[in-house]
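Undergrad: starting from these lines, generate the structure:
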Amino acid sequence: MNLIKFISLVLVVLVSEAFAQSPSPEGKPDVSNKALITKQTPIVKKDTKGPKQYTIEQFMATTRIGGASFSSDEKSILFHSNKSGIFNVYSMPVGGGEPKQLTNSTKESTFVVSWMPTDARFLYHYDKGGNENDHLYLRELDGKERDLTPGEKTKAEFYAWSQDRKSFFFGTNTRDPKFFDVFEMTVADLKPTLVYENNEFIFGAISNDKKFIAFGKPGNSTADSDVYLYNTETKEMKNLTQHTGDVANEPETFDPSSESLYYLSDEGSEFKSVVRYDLASGQKEMMEKANWDVVFMAFSKTGKYRVVGTNEDARTKVRVYDATGKEVALPPLPEGDISGIRFSDGETKMAFYVDGSRSPANLYVYDFATQKPLKLTESLNPEISADDLVDAKVIRYKSFDGVEVPAILYQPHGASAQAKVPAVVTVHGGPGGQARMGYSALLQYLVNHGYAVLNVNNRGSSGYGKTFYKADDQKHGREPLWDCVEAKKYLQTLDYIDGKKIGIMGGSYGGYMVLAALTFKPEEFNVGVDIFGVANWVRTLQSIPPYWEAERKSLYAEIGDPNTQLDMLKEISPLFHADKITKPLIVLQGANDPRVLKVESDEIVDAIKKKKGVVEYVVFDNEGHGFTKKANEIKGDKAILDFLDKYLKGGAGSGAGMN
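TA: Numbering: from 1, shown residues only. Here you go, the predicted model:
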């Protein structure tokens with residue numbers, strides 16, 4: 001499990017579409033493979049009139065999908081899709097065909113976990129209105145739903161199947177809302193048995209022989225953590241990674257034979273590598289190392305295949321190896337990330353997603369025998385031509401102190417020195433998240449309507465080494481913000497940008513950066529788009545969800561301790577300085593958000609209204625920390641474009657009154 005920074009938006013589907021990648025099952029990092037990528041030829045447009053412009057309804061008719069689980073006979077695959085307007089679970093033949101909708105939720109977004117091992121029942125999860133208290137559910141053969149983890153305030157997490165597939169492991173915080181106890185539930189009677197009562201750790205992996213459980217434990221900062229090994233027979237808990245200073249260690253997986261534990265570590269390096277720990281001897285061995293972070297490693301059921309992913313410049317490169325260590329030669333695929341890899345239990349097939357700048361994630365199944373991949377879905381709305389969308393590209397610019405900052409640039413078709421366009425600097429969540437190269441309907445929508453976009457990986461972002469990752473600690477509202485100001489200045493050097501029309505947009509921590517920019521650098525950006533951003537760090541840190549307790553200490557080290565650094569937190573909280581906001585702002589908020597409470601947005605909006613400032617406010621009563629319902633996404637994204645058209649492109653913000 002990755003121990004990431006606060007309010008990370010790199011979490012499956014609880015993310016605004018503005019910055020989300022395709023949903024990645026079980027919280028694993030998205031994985032992709034440059035070795036599987038064919039070079040895409042430059043776009044040559046025959047239409048001299050330029051690209052066709054599309055409505056937000058057309059962009060949202062594109063389907064978001066995720067998850068993958070093979071049926072026991074390997075003839076069907078399970079996934080979730082928002083084709084119906086809300087996420088539901090679907091199945092389809094692995095050889096292709098029409099998807100069949102299996103759940104019919106019209107209220108809550110529903111996400112797949114897994115088929116049951118021997119029949120057509122399946123596991124899935126959902127919360128209530130975005131409150132993040134997910135339960136695990138079983139869809140019975142007669143279509144009825146069974147809640148396997150009941151409890152009004154219970155939050156449940158699926159962990160793994162046992163090797164014999166007669167049981168599965170999961171966690172709930174029913175006993176103590178701060179921590180997740182580990183349970184095993186047998187398929188035969190669906191009764192849970194407590195495996196480990198947890199009071200301080202984060203689950204990582206369990207060995208196939210059920211003798212060992214690996215846990216992660218955050219340390220003194222978000223760049224500091226340890227791997228612990230628990231022996232279920234002797235009840236001994238052992239720290240495998242004792243160290244001094246900031247070293248990040250994260251449990252990954254046990255090998256199928258239960259002989260070794262594999263974990264990630266950046267000890268002695270800027271980047272994380274894979275370390276193998278021999279369970280019998282205690283010997284450690286470096287297994288995978290790169291000049292980027294290794295972010296993922298997993299085995300197929302018996303170890304016939306092993307997959308490793310590295311995060312290389314906002315895109316994850318993946319390689320698949322056979323049991324001898326030889327890399328498996330895979331065929332070329334369309335340009336994009338390869339994510340959500342799942343092997344069938346028979347180890348004959350591999351499911352994955354391909355996600356590119358101009359193409360949302362599509363589900364593929366690769367047959368190892370025929371060595372052929374089959375594309376099962378077509379997510380992009382057929383009314384939209386990919387040629388009318390734009391490829392993202394990674395650029396770098398120097399910040400105020402010479403630090404090189406990576407960012408992802410989207411240039412609209414037709415933008416030139418003779419046809420300048422306005423621009424938006426976008427900021428990811430986290431603060432330890434990362435702007436990625438995958439598809440974003442909102443960003444493509446804005447670009448299609450004539451806005452350049454620069455998606456910034458300011459200092460504190462993951463993926464560029466631990467020094468860069470730690471560079472924002474206790475500096476929020478200052479250096480990371482200044483990186484965003486320098487992003488604006490970089491845009492002003494491009495001859496196709498109207499340098500007098502540049503806004504800033506972000507979600508969660510990125511929303512905080514929007515508010516900070518309008519508050520602490522009020523003359524830099526023309527407008528702000530705040531998507532559930534933090535306005536008051538004091539309240540946010542005092543009201544973190546109870547199940548973040550294991551990371552409280554490292555979180556305080558990252559942002560600040562409200563018990564001892566109250567004055568500093570007020571100093572960097574936009575709410576206490578809202579009188580400085582002079583530029584137009586739009587705020588989007590989920591009413592049930594458990595991370596950034598609605599009161600955060602309420603108060604910043606009220607403060608601006610009292611000054612007769614320009615502010616628009618969009619609240620969704622049935623959403624949480626991220627928007628998962630198409631109707632809400634359409635309303636929210638349309639509101640953003642209308643706001644930008646009026647106050648950035650149209651320049652109505654000058655002297656405008658309150659909305």
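Undergrad: and the pLDDT for residue 373?
TA: The per-residue pLDDT reported for residue 373 equals 94.
Undergrad: which residue, other than its chain neighbours, is closest to it?
TA: Of all residues not flanking residue 373 in the chain, residue 366 sits nearest, at 4.5 Å (C-beta to C-beta, 6 or more residues apart in numbering). Quick note: C-beta positions are derived from backbone N, CA and C, even for glycine.
Undergrad: same deal with residue 135?
TA: residue 149 (4.7 Å).
Undergrad: measure that neighbour to residue 160 for me?
TA: 16 Å (C-beta to C-beta, to the nearest Å).
Undergrad: now swap in residue 422 and tell me
TA: 48 Å.
Undergrad: cool, and residue 357?
TA: For residue 357 relative to residue 160 (C-beta to C-beta), the value is 33 Å.
Undergrad: these two - which one has more neighbours?
TA: residue 357 (23 against 17; other C-beta atoms under 10 Å).
Undergrad: OK, contacts around that one?
TA: 336, 389, 390, 391, 392, 410, 437, 438, 439 (C-beta atoms under 8 Å, 6 or more residues apart in numbering).
Undergrad: buried stuff in the lengthiest strand in the chain?
TA: Determined from DSSP state E, the single longest strand within the chain is strand 497-507. Buried residues in strand 497-507, counted by 16 or more other C-beta atoms under 10 Å: 497, 498, 501, 502, 503, 504, 505, 506, 507.
Undergrad: one more: stretch 303-321?
TA: 304-321.
Undergrad: and stretch 588-600, by the same measure?
TA: In stretch 588-600, counting by 16+ other C-beta under 10 Å, buried: 588, 589, 590, 592, 593, 594, 595, 596, 597, 600.
Undergrad: and that stretch, average pLDDT?
TA: Mean per-residue pLDDT for stretch 588-600: 95.
Undergrad: roughly how far does the closest residue to residue 420 other than its chain neighbours sit from residue 413?
TA: Ranked by C-beta to C-beta, 6+ apart and with sequence neighbours excluded, the top spatial neighbour of residue 420 is residue 498, at 4.3 Å. According to C-beta to C-beta, residue 498 and residue 413 sit 16 Å apart.
Undergrad: what of residue 306?
TA: Taking C-beta to C-beta, one finds residue 306 at 42 Å from residue 413.
Undergrad: same check on residue 100?
TA: 38 Å.
Undergrad: more neighbours, those two?
TA: residue 413 (17 against 11).
Undergrad: which residues touch the more buried one?
TA: Counted by C-beta under 8 Å, 6+ apart, residue 413 has contacts 45, 50, 51, 388, 390.
Undergrad: what's the spacing between the helix or strand containing the residue nearest to residue 373 and its chain's center?
TA: Element membership for residue 366, per DSSP states H and E: strand 359-367. In terms of C-alpha atoms, centre = their mean, to the nearest Å, the centre of strand 359-367 is set 19 Å apart from its chain centre.
Undergrad: what's the answer for stretch 583-601, then?
TA: 19 Å.
Undergrad: please apply the same query to stretch 299-309.
TA: For stretch 299-309 - counting by C-alpha atoms, centre = their mean - the centre lies 23 Å from the chain centre.
Undergrad: how about the strands in the stretch 551-659 of the chain?
TA: Secondary structure of the stretch 551-659 of the chain (DSSP state E, counting those that start in this stretch): strands at 585-590, 615-620.
Undergrad: highest mean neighbour count out of those?
TA: Burial of the strands of the stretch 551-659 of the chain is given as mean neighbour count (mean count of other C-beta atoms under 10 Å); strand 585-590 ranks first at a mean of 27.
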